[in-house]
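A.B. asks: Predicted model follows, preceded by the sequence.
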Amino acid sequence: MLMLFMLAEAGGDQNEQEGAFILQVGERLGLKKKVIIAIDKKPQNLTFILPKTDKERNAILYDLLFLMKFDRVVDQNEIQLIHEVAFRMGFRPTMTQEMIEVMKVHIGKAVPKNALLDIIKKHLN
């Protein structure tokens, strides 16, 4: 959650779609709306803990990538934050950049179902 709020802030003012997406992710993680709002008000009170499983790391990276494109503007601060988080979670910078490029191409439209998964598979070999 912390990374999502940081990314929304890095891209400038949080818009309604970004806020709704963050709420959706929080609820998927089992958080109540009032807890998510409290996190948004004081994100500095949280600590980022590296996820233990590949599934958790992939989910965080995917959430960040999808949040990045909601406002239809991908700025350098967002790209830099995603690279930093991805690197800390063990993802290769080249793989992360390829995923960012896919998201940029699909701003305002759906990302093909396997586009990001295909990039991950490519870099695992």
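C.D. replies: Cool, got the structure.
A.B. asks: Give the buried residues for the longest helix along the chain.
C.D. replies: As assigned by DSSP state H, the longest helix anywhere in the chain is helix 54-68. Neighbour counts over helix 54-68 (16 or more other C-beta atoms under 10 Å) mark 57-58, 60-68 as buried. Placement of C-beta: from N, CA and C, glycine included.
A.B. asks: want to throw those residues into TSV with distance to L116?
C.D. replies: Output for those, formatted as TSV (distance: C-beta to C-beta, whole Å):
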residue	distance to L116
R57	13
N58	9
I60	13
L61	8
Y62	7
D63	12
L64	12
L65	7
F66	9
L67	14
M68	12
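A.B. asks: of all those residues, which comes closest to N45?
C.D. replies: Distance to N45, by C-beta to C-beta, is smallest for I60 among the buried residues of helix 54-68, at 19.1 Å.
A.B. asks: among the buried residues of helix 54-68, which two are most distant?
C.D. replies: R57 and M68 (16.8 Å).
A.B. asks: I'd say P93 and V85 touch.
C.D. replies: No: checked against C-beta atoms under 8 Å, the pair P93 and V85 is beyond contact range at 11.8 Å.
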